[in-house]
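Visitor: Please find the sequence and the predicted model below.
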Amino acid sequence: MIEIQGVTQRFPNGSGTVDAVRNVDLSIRKGEVFGIIGRSGAGKSTLVRTINLLNRPTEGKIILDGKDMTTLSADDLRDARRHIGMIFQHFNLLSSRTVYDNIALPLELAGLSKAEIAKKVEPLLELVGLTALKDRYPAQISGGQKQRVGIARALANDPKVLLSDEATSALDPETTRSILELLRKINKELGLTIVLITHQMEVIKVICDRVAVMEAGEVIEQGEVLDVFREPKHEVTRALIGDVIAHELPKGVLERLRARLANTEAGSGTDHLFRFAFTGSGVDQPHLSEAVRRFDLDFNILHGQIDEIQGQAFGSLAILANGTAENITNAMNYLRAQGVVVEELNHVI
Ligand SMILES: Nc1ncnc2c1ncn2[C@@H]1O[C@H](COP(=O)(O)OP(=O)(O)O)[C@@H](O)[C@H]1O
Ligand SMILES: [Mg+2]
């Protein structure tokens, strides 16, 4: 559906240059929700802007539905872009236009008649749940409602792909969830391919099928979301997953925890923070109590949750373990042998 091949985006930087995106290869399948995650400055926005050629890549190709976007003429590019919808962190609505007229804008630009526009806008209002608010102005609706307008506007031209750049980053957690549910519904009902950029692992967990992790312009890890959550390979990915846990801990607890961990010397037998991940039947086995009994450890459970990722039960526990270095090592080896994925989080939380 979308092939990103060897894409590099180089910008002038003082007297030299900087590669905001470096040699990225990604293959996004039709109908999937593909997440791109990374810290601020990783190159995510720059990469997504190359997909619709808002940035022309310095090197590489963007192939959308078999068409190489980088070689299109200005006219053909304008046509091709109609098939790509985009939503943004700050919604980018026109404040002087009503909800209805914001959604109608791309259709007006495409030259549709008033009647044709109404035929498209009414069902879109219905889809995003804004029919009752269609005559309001952006200043008269909430952030979540503004993003619903943004989504409806992005869908007006029947795109094949929806690009979302931090679309929920300005929203509170509850509103974030409702917007992600709406995107999932659109993905399922319309079969729309979605490329979703975020710095929040929680967002990836809720909605994406596959994910790529970016750092310093490069893709450092990618795979099915469940696999990446279960066994992150890269330190940056571990840190992003650590954020999900840190986010859930009360601030005071997190600060005390950080202070305790700062006093732990590497390899010593004091405090260690672990994340245990379980899938399938591992979720309901008593592996932890067995490890505590066998290896004479103290476990303090800090955070736990069981989710479903792509229809599979997935449990995650953050535990502060205390014991001798040898017992800790043996206990972790024991747990790994039972199929538990064990990550030490001392340095990432
Ligand atoms: N037009 C530009 N000119 C120079 N540097 C840029 C430009 N756009 C982005 N960058 C740089 O590229 C890097 C990646 O930026 P960006 O893609 O916005 O990251 P992200 O969206 O992951 O936070 C940053 O260091 C940023 O300063
Ligand atoms: Mg960005």
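Guide: Structure received. Ligands and ions are numbered 1, 2, ... in the order given.

Visitor: how would you label the residue nearest the centre of the chain: helix, strand or coil?
Guide: What sits nearest the mean C-alpha location of the chain, by CA atoms, centre = their mean, is Ile204, with 3.6 Å. Judged by DSSP: H, G, I helix; E, B strand; the rest coil, the three-state class of Ile204 is helix.

Visitor: so it touches Phe34, yeah?
Guide: No. The criterion here is CB atoms under 8 Å, and Ile204 misses it with Phe34 at 10.0 Å. C-beta here means a position set from N, CA and C on the backbone, and glycine is covered the same way.

Visitor: which residues do those two both contact?
Guide: Leu196, Val211 (CB atoms under 8 Å, 6 or more residues apart in numbering).

Visitor: residues touching Ala154, list them.
Guide: Ala154 sits next to Gly85, Met86, Ile87, Leu162 when contact means CB under 8 Å, 6+ apart.

Visitor: Run the chain-centre distance for the host helix or strand of it.
Guide: Secondary structure assigned from DSSP states H and E places Ala154 in helix 143-155. How far helix 143-155 lies from its chain's middle: 18 Å, per CA atoms, centre = their mean, to the nearest Å.

Visitor: give me the beta-bridge partners of the spatially closest residue to Cys208 that is not a sequence neighbour?
Guide: For Cys208, ignoring the flanking residues on the chain, the nearest one in space by CB to CB, 6 or more residues apart in numbering is Gly35 at 3.6 Å. Beta-bridge partners for Gly35, by DSSP bridges, are Leu196, Val211.

Visitor: how many neighbours does Gly35 have?
Guide: 27 (other CB atoms under 10 Å).

Visitor: hmm, back to that, let's have the contacts of Ala154 in TSV, adding pLDDT.
Guide: Shown next, in TSV, are the contacts of Ala154 (pLDDT from 0 to 100):
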residue	pLDDT
Gly85	95
Met86	95
Ile87	96
Leu162	97
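
Visitor: Between those residues, which sits nearest Asp79?
Guide: For the contacts of Ala154, the residue nearest Asp79 by CB to CB is Gly85; the value is 14.4 Å.

Visitor: So which residues on the stretch 1-150 of the chain come close to ligand 1?
Guide: Contacts of the stretch 1-150 of the chain with ligand 1, taken as CB under 6 Å from any ligand atom, map to Phe11, Val18, Ala20, Gly38, Ser40, Gly41, Ala42, Gly43, Lys44, Ser45, Thr46.

Visitor: Now do the closest residue in space to the fifth one that isn't next to it in sequence against ligand 1, distance only.
Guide: Among residues not flanking Ser40 along the chain, His199 sits closest, at 6.2 Å (CB to CB, 6+ apart). Computed as CB to the nearest ligand atom, to the nearest Å, the His199 to ligand 1 distance reads 7 Å.

Visitor: Numbering from 25 from now on, please.
Guide: Taking 25 as the first residue, the last one we looked at is His223.

Visitor: Backbone dihedrals for His223, please?
Guide: When read as degrees, to the nearest 10, the backbone of His223 gives phi -110, psi 0.

Visitor: sorry, back to before: report the strands that pair with the helix or strand following the helix holding Ala178, each with its relative direction.
Guide: Once helix 167-179 ends, the next helix or strand along the chain (criterion: DSSP H and E) is strand 185-189. When sheet partners are counted by DSSP bridges, strand 185-189 sits next to strand 108-112 (parallel), strand 217-222 (parallel).

Visitor: Dump those into a markdown table; add distance to Leu321 and mean neighbour count as well.
Guide: Shown next, in a markdown table, are the strands paired with strand 185-189 (distance: least, CB to CB, whole Å; neighbours: other CB atoms under 10 Å):
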| stretch | distance to Leu321 | mean neighbour count |
| --- | --- | --- |
| strand 108-112 | 47 | 23 |
| strand 217-222 | 36 | 24 |
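
Visitor: Switch those over to TSV; also include distance to Asp320.
Guide: As requested, those are arranged in TSV below (distance: least, CB to CB, whole Å):
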stretch	distance to Asp320
strand 108-112	53
strand 217-222	42
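
Visitor: in the chain, which segments are predicted with low confidence?
Guide: Scanning the chain for pLDDT under 70 picks out the ranges 288-293, 305-308.
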